[in-house]
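Q: 3D model of this:
(chains A and B)
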Amino acid sequence: KAGVTQTPRYLIKTRGQQVTLSCSPISGHRSVSWYQQTPGQGLQFLFEYFSETQRNKGNFPGRFSGRQFSNSRSEMNVSTLELGDSALYLCASQLRTEITYEQYFGPGTRLTVT
Amino acid sequence: GENVEQHPSTLSVQEGDSAVIKCTYSDSASNYFPWYKQELGKRPQLIIDIRSNVGEKKDQRIAVTLNKTAKHFSLHITETQPEDSAVYFCAASKTGGGADGLTFGKGTHLIIQP
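A: Below is the predicted model:
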């Protein structure tokens, strides 16, 4: 099976712009979670989607949003970019059953805001 | 919400020696504790996990122990090798890493000295 894929791998944006990142989970996986990784704050949970529904959201402002499509692919959007949004954005794919808990990460999108 | 503390932040050991990384969590409802290894420039990779109904789990040179009473869990790596050098993250979740996401520790940079 192909692993989790994310596009684009690198992005440079200007403060005030918006950006959309994409994640394709492992085939058959219906849950996609998004995380932000920075040197200062580490890995932080953004939100999780399962069957096109956002189940929960971490402690991030409303500028961070996402969605999931019927084929389980997910996108996240960040509007009005700030310098502090520069980070590695990782998505994680999960089969999401009562007995399988493992989350598998994609390679990430490195976002630089200038 | 959940809070995960991880120690030490940096660990340097001689090749062939053992390494131990410790984590504590705050939410007694957490029931799933994975460990991820992240090499420089790469995605976090799940290396082992444990659930709250198990006290110890082993996979070749890697083992994880869980003490629910004390709310702490540890990663043990024996016979360390140069390829073990990486940043290791512990995490905790109440719903198996599903809707509430994984709460990560700040990471331990493991350095294997030749």
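Q: stretch B:79-93 spans what distance, first to last residue?
A: One end of stretch B:79-93 to the other measures 29 Å (CA to CA, to the nearest Å).
Q: next up, the contacts around the closest residue to chain B within chain A.
A: Across chain A, no residue is closer to chain B than A:Phe45, which sits at 3.2 Å (CB to the nearest CB). To be clear about C-beta, it is placed using only N, CA and C from the backbone, and glycine gets the same treatment. Applying CB atoms under 8 Å, 6 or more residues apart in numbering or on different chains to A:Phe45 gives the contacts A:Ser33, A:Trp34, A:Tyr35, A:Gly58, B:Asp100, B:Gly101, B:Leu102, B:Thr103.
Q: do the same with A:Pro8
A: So A:Pro8 contacts A:Leu21, A:Thr109 (CB under 8 Å, 6+ apart).
Q: how about the closest residue to chain A within chain B, secondary structure?
A: Closest contact between chain B and chain A, by CB to the nearest CB, is at B:Gly101 (3.2 Å). Here B:Gly101 is recorded as coil under DSSP: H, G, I helix; E, B strand; the rest coil.
Q: what residues does chain B put near chain A?
A: B:1, B:32, B:34, B:36, B:42-46, B:49, B:51, B:89, B:91, B:93, B:96-107 (CB under 8 Å from any CB of the partner chain).
Q: show me the residues you listed that map onto strands.
A: If you go by DSSP state E, the residues of chain B next to chain A have B:Tyr32, B:Pro34, B:Tyr36, B:Gln45, B:Leu46, B:Asp49, B:Arg51, B:Phe89, B:Ala91, B:Thr103, B:Phe104 in strands.
Q: drop anything exposed from those residues.
A: B:Tyr32, B:Pro34, B:Tyr36, B:Leu46, B:Asp49, B:Phe89, B:Ala91, B:Thr103, B:Phe104 (16 or more other CB atoms under 10 Å in any protein chain shown).
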